[in-house]
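Chemist: Take this sequence and fold it.
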Amino acid sequence: MKVVIVGGVAGGATAAARIRRLDEEAQIVVFERSGHISYANCGLPYYIGGAIGDPAALTLQTPESFYARFRVDMRVLHEVTALHPERKTVSVKDLTTGESFEEPYDKLILSPGARPTQPKLPGVGLGRVFTLRTVEDTLRIKEHIRRERPRSAVLAGGGFIGLELAENLRELGLEVTIVQRPRQLMSPFDPDMAAFLHSQVRSHKIGLALGRTVEGFREREGGVDVLLKDEPSLHADMVVLAIGVTPDTALARAAGLELGVKGAIVVNDRMETSAPHIYAVGDAVQVKHYVTGEDTVIALAGPANKQGRIAADNVCGGDSRYPGSQGSSVIKIFEMTAASTGVNETHAKQLGLDVDKVLLSPMSHAGYYPGGQVMTMKVVFEKGTFRLLGAQIVGYEGVDKRIDVLAAAIHAGLKATELKDLDLAYAPPYSSAKDPVNMAGYMIDNLARGVVKQFHAEDIPALPRDGSVTLLDVRTPAEYGRGRVEGFRNIPVDALRERLGELEAGRPVYVMCQSGLRSYIACRILAGHGFETYNLSGGFRCCEAAASDRRLIQRCAPCGMDQ
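Modeler: Numbering: from 1, shown residues only. From the prediction side, this is the model:
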């Protein structure tokens, strides 16, 4: 059996190695148009910033080491220019010699990946306008910085690559501004959670020009003007386009393979395309979202590697199935860690799902053990069924651990109420006896049992201020004095029982505190005395963060420096 693989990075390299482990006699040929195989896309920004010092560390294998270990014919600088399903061959061009030839196959695996999205804007091809996707892109940017010593950079796009590159350029001393059309960074996060990311980025003197549309680029005074719609232009010494990636499916389109969302290759759960004997994996394929069942494209390394293994199993006569992509991800933003899994509240509502959520601010480990830090968690679930839909966490320690637990719970089909039952490891330096994931489960279980009812920050503007309800803030007077929501009166929770007479009987009471814990206790006190109560999910802390962020975005100057 002869297997040809187009693309030698995550999915392609994984498929090649797996085929060899299953079939010692198979002939395996991989064509990779770049000069490197099996490289770590996610590490590229960190080489630019110097956290990774050796460029060789970016490539997990070389063609020589891959051949020595797996006897796979890895041909770099070879571009597949056409597929011929009818005669089971591919056309290939040797980019070193210019020679073109056809290569036959018994089975073909497409792993072409994705390319940086490059809108057709004036100036996209300028020498100081870069993209970052391959090792060659990285070396080009690194050399430009070494040679030209730029003092400023504009990054068009605030996703994973944009944020990671912003951090690394800032660590090199550059003034950095992120500009993008959406009014928030990182689309996997809801706006209320993205507010914490914005605060972290601003604290490191990175400018945010959100809600701005880039219309082109123009060279001026040894740098680049970034032209914005209905705004003054931004000027910088260099620009990096990081506005996302597009499935690289020109070969599949020309060969008549079925394409779907965003032009991605349609595959079944065996990773088979619409053409016989042709499989496809990685960033170029359309997948089912594991939570919602919708067709989507999720360009992440984990799914690409899993799909490569599944395609290899099936090429070798097995019957492996891909269950879908969940979109679990994590990112470092200076000292902060942000992670998400499943779908966020915004997307769930767009799909018409009836959703609710809890927000909490637990410590990363036991509060009495030194060094604990607050994290912010948001868990999204379906009303009525309590089906887990997704989660987002922002913090400084233990974030990755909790998001992985929640990702596993979603995959296993646990209900949100069952999070309370998970038996999770505890020692004071690592967690609390009630782990943050358990705490989320307790909160949702209370909602399910009717022990507490809640309201959210977005409900506050509509609360009546005519005396028909009681608005109550149970923080300390000092906290209340530092910031409060208009209309909420202050009675500290520890004085509440003694001051019940100050509350009008028969009126619903909407209660807030800093994080939602003391207000929950206040709700139980009040309920015990016959009051109807509602607890503010996430507390004043989340409410204030979101409100402050909205104000900054609304008034931020076109220069992007909105700190």
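
Chemist: mind listing the helices for the stretch 451-563 of the chain?
Modeler: With helices called from DSSP state H, counting those that start in this stretch, the stretch 451-563 of the chain shows them at 477-482, 517-528, 539-555.

Chemist: Distance from the chain centre to the last one, please.
Modeler: So the one you mean is helix 539-555. Relative to the centre of its chain, helix 539-555 is centred 21 Å away, using C-alpha atoms, centre = their mean, to the nearest Å.

Chemist: Which positions within stretch 368-377 qualify as buried?
Modeler: 372, 375-377 (16 or more other C-beta atoms under 10 Å). Every C-beta, even on glycine, is put in place using the N, C-alpha and C of the backbone.

Chemist: Equivalent analysis for stretch 275-294, please.
Modeler: Going by 16+ other C-beta under 10 Å, stretch 275-294 has these buried residues: 275, 278-292.

Chemist: Also stretch 206-218?
Modeler: Result for stretch 206-218 [16+ other C-beta under 10 Å]: buried residues 206-210, 212, 214-217.

Chemist: So what's the residue count around Ser431?
Modeler: Neighbour count for Ser431, taken as other C-beta atoms under 10 Å: 24.

Chemist: Please report the distance of it from Ala522.
Modeler: Counting by C-beta to C-beta, to the nearest Å, the gap from Ser431 to Ala522 is 27 Å.

Chemist: and what of Asp94?
Modeler: 73 Å.

Chemist: then stretch 14-29 to CSV, C-alphas only?
Modeler: Provided in CSV are the C-alpha atoms of stretch 14-29 (Å, rounded to 0.1, in the frame of the first residue of the first chain):
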residue,chain,number,x,y,z
THR,A,14,0.8,12.3,13.1
ALA,A,15,-0.9,10.3,10.3
ALA,A,16,2.4,9.3,8.8
ALA,A,17,3.8,8.1,12.1
ARG,A,18,0.6,6.2,13.0
ILE,A,19,0.5,4.5,9.6
ARG,A,20,4.0,3.3,10.1
ARG,A,21,3.2,1.9,13.6
LEU,A,22,0.3,0.0,12.1
ASP,A,23,1.9,-1.2,8.9
GLU,A,24,5.6,-1.7,8.6
GLU,A,25,5.4,-2.5,4.9
ALA,A,26,3.4,0.6,3.7
GLN,A,27,5.2,3.1,1.5
ILE,A,28,4.6,6.6,2.9
VAL,A,29,5.4,9.8,1.1
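
Chemist: tell me, which of the helices of the stretch 451-563 of the chain is the model least confident about?
Modeler: Note on these: lowest mean pLDDT is at helix 539-555, with a mean of 85.

Chemist: Just the buried positions in that one, please.
Modeler: 539-547, 549, 552-553.

Chemist: Check stretch 35-51 too.
Modeler: Those would be 35-41, 43-49, for stretch 35-51 by 16+ other C-beta under 10 Å.

Chemist: Would you mind writing the CA trace of that stretch as PDB?
Modeler: The C-alpha coordinates for stretch 35-51 follow below in PDB (Å, rounded to 0.1, in the frame of the first residue of the first chain):
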ATOM      1  CA  GLY A  35      11.100  23.900   4.500                       C
ATOM      2  CA  HIS A  36      10.000  22.400   7.800                       C
ATOM      3  CA  ILE A  37       7.900  19.500   9.100                       C
ATOM      4  CA  SER A  38       6.200  18.800  12.400                       C
ATOM      5  CA  TYR A  39       6.700  22.300  13.700                       C
ATOM      6  CA  ALA A  40       4.900  23.900  16.600                       C
ATOM      7  CA  ASN A  41       2.800  26.800  15.300                       C
ATOM      8  CA  CYS A  42       1.800  27.700  18.800                       C
ATOM      9  CA  GLY A  43       5.400  28.300  19.800                       C
ATOM     10  CA  LEU A  44       6.200  30.800  17.000                       C
ATOM     11  CA  PRO A  45       5.400  34.000  18.900                       C
ATOM     12  CA  TYR A  46       7.600  32.900  21.800                       C
ATOM     13  CA  TYR A  47      10.600  32.500  19.500                       C
ATOM     14  CA  ILE A  48      10.100  36.100  18.300                       C
ATOM     15  CA  GLY A  49      10.000  37.300  21.900                       C
ATOM     16  CA  GLY A  50      13.000  35.300  23.000                       C
ATOM     17  CA  ALA A  51      11.300  32.900  25.400                       C
END
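
Chemist: Can I get the helix or strand Thr177 falls within as PDB, trimmed to CA atoms?
Modeler: Using DSSP states H and E, Thr177 maps to strand 175-180. C-alpha atoms of strand 175-180 as PDB (Å, rounded to 0.1, in the frame of the first residue of the first chain):
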ATOM      1  CA  GLU A 175       4.900  49.900  21.700                       C
ATOM      2  CA  VAL A 176       2.100  47.700  20.600                       C
ATOM      3  CA  THR A 177      -1.500  48.400  19.500                       C
ATOM      4  CA  ILE A 178      -4.100  45.800  18.700                       C
ATOM      5  CA  VAL A 179      -6.800  46.900  16.300                       C
ATOM      6  CA  GLN A 180      -9.800  44.800  15.200                       C
END
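
Chemist: That strand: what's the following helix or strand?
Modeler: Downstream of strand 175-180 (by DSSP H and E), the next one is helix 191-203.

Chemist: Could you give the average pLDDT over that following helix?
Modeler: Mean predicted lDDT for helix 191-203 stands at 96.

Chemist: So which residues of this structure form helices?
Modeler: 10-22, 44-49, 63-70, 135-148, 160-171, 191-203, 250-254, 301-315, 345-350, 399-412, 436-449, 477-482, 517-528, 539-555 (DSSP state H).

Chemist: Show me which residues of the first one are buried.
Modeler: By neighbour count, and taking 16+ other C-beta under 10 Å as the criterion, the buried residues in helix 10-22 are 10-20.
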